[in-house]
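Chemist: the following comprises the amino acid sequence and a computationally predicted model.
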Amino acid sequence: MIKIMGLMALVAAAGFAGVLKAAELKERIRLLEEFLKMTLTLKGRIQYFRQPLIPLFAQVGTAGNTSAFHLLKQCRKQLEEKQGEISQVWIQEAEKIYGRTAITGEDLEIICHMGSFIGQTDYENQQMQFSFLETRLQEQLTEAREDCRQKGPMYRRIGFFGGAIAALVLL
């Protein structure tokens, strides 16, 4: 009886691991969508109001309670306190916020790219960089959705089947 309960727990644990892996794929989509939303909000504010970065980050940072908007809040805070370069501050904060998430290395590279041009180039070049960034984010979102559609069910099945096979081996 105890052995059967242990084997059932093994199947459930392996299945749960597969479900968690599939959930990571959905989390990546959510994080990329949030960052795209923040990017579009920031681009619109820059386009219409043309404010300095710190007040702009303060206004846009309060527009949402997500990782992307938290990145703006943290960058504003660091820029006010340390008077550092936006590119360095942006990369440090992006790595802190997104480092241990479902974001891939390529996604993080795209997120960090924003810090290399925001507030450092003329208006027209900055708008072109925003367009480029939006395109790359859309490509990453398409890839993430496709991964989730294809690999999500596979991870769940592999988890339960792997647990079942391990249970059979231990019988």
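Modeler: That came through fine.
Chemist: contacts, neighbours, all on C-alpha from now
Modeler: OK.
Chemist: so who does the residue positioned nearest the centre of the chain touch?
Modeler: Geometric centre of the chain, nearest residue: Leu31, 3.5 Å, by Cα atoms, centre = their mean. If you count contacts by Cα atoms under 8 Å, 6 or more residues apart in numbering, Leu31 has them with 67-68, 103.
Chemist: one more: Thr39?
Modeler: Thr39 neighbours (Cα under 8 Å, 6+ apart): 130, 134.
Chemist: again, but for Gln126
Modeler: Residues near Gln126 by Cα under 8 Å, 6+ apart: 117-119.
Chemist: where's Phe16, which helix or strand?
Modeler: Assigned by DSSP states H and E, Phe16 belongs to helix 2-49.
Chemist: what comes up buried for whichever helix or strand comes after that helix?
Modeler: Next in sequence after helix 2-49, counting helices and strands by DSSP H and E, comes helix 53-61. The neighbour-count check on helix 53-61 (16 or more other Cα atoms under 10 Å) flags 53-54, 56-58, 60-61 as buried.
Chemist: and Thr101, helix, strand or coil?
Modeler: With DSSP: H, G, I helix; E, B strand; the rest coil as the basis, Thr101 sits in coil.
Chemist: how near is it to Leu31?
Modeler: 9 Å (Cα to Cα, to the nearest Å).
Chemist: the lowest-mean-pLDDT helix or strand in the chain: how far from the chain's middle?
Modeler: The weakest-scoring helix or strand in the chain, judged by mean pLDDT, DSSP states H and E, is helix 53-61 (a mean of 76). Helix 53-61 has its C-alpha centroid displaced from the chain centroid by 21 Å (Cα atoms, centre = their mean, to the nearest Å).
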